[in-house]
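Enquirer: only the shape, not the letters, is given here:
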């Protein structure tokens, strides 16, 4: 697998829609505009895809342990870390241990493209290099 350096968040995505409802469907961004979303891949498959990539490469996948959660798999200098993204009761999204709440997964990704991740082992990192899914 080859890692492709893409822009972290596509400016062509419809994040400026002011009339969108607060209920967000995960499948509404799983199209080609969110190539970093890999869907139902295992932790091991995610790590294999990140192995040849440079530090700060990432992908988003469904959590294997909880269908209401997702995981950001991130390549660090020490290997891979998997950061849980949980859905709140209000249908928003947050990283475990984080106080920031976002209306959608793409907004979680967009935020952490410019802000450091709040986790040991990744505290100095941002999401820089999305790893596109292979069709």
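Expert: On my side now, so go ahead. Quick caveat: nothing in here was measured; it's all calculated off a predicted structure.
Enquirer: use CA for all of it now, contacts and neighbours both
Expert: Will do.
Enquirer: report the central residue of this structure.
Expert: What sits nearest the mean C-alpha location of the chain, by C-alpha atoms, centre = their mean, is residue 60, with 3.9 Å.
Enquirer: helix, strand or coil for that one?
Expert: Under the three-state scheme (DSSP: H, G, I helix; E, B strand; the rest coil), residue 60 adopts strand.
Enquirer: pretty sure it is touching residue 73, no?
Expert: Yes. The pair residue 60 / residue 73 is scored as a contact, 6.2 Å apart, by C-alpha atoms under 8 Å.
Enquirer: what about residue 54, which helix or strand?
Expert: Assigned by DSSP states H and E, residue 54 falls within no helix or strand.
Enquirer: residues touching it, list them.
Expert: Neighbouring residues of residue 54 by C-alpha atoms under 8 Å, 6 or more residues apart in numbering: residue 75.
Enquirer: separation between it and residue 129?
Expert: Applying C-alpha to C-alpha, to the nearest Å, the value for residue 54 to residue 129 is 8 Å.
Enquirer: so where is the protein shaky, pLDDT-wise?
Expert: 1-33, 97-98, 135 (pLDDT under 70).
Enquirer: for it, longest helix please?
Expert: When the chain is parsed with DSSP state H, its longest helix is helix 105-114.
Enquirer: residue contacts, residue 72?
Expert: Residue 72 makes contact with 58, 59, 60, 61, 82, 83, 84, 85, according to C-alpha under 8 Å, 6+ apart.
Enquirer: quick one, helices of this protein?
Expert: Secondary structure of the chain by DSSP H: the helices cover 43-50, 105-114.
Enquirer: which residues does the residue nearest to the centre of the chain bridge with?
Expert: Bridge pairing for residue 60 (DSSP bridges) gives the partners residue 37, residue 72.
Enquirer: many thanks, have a good one.
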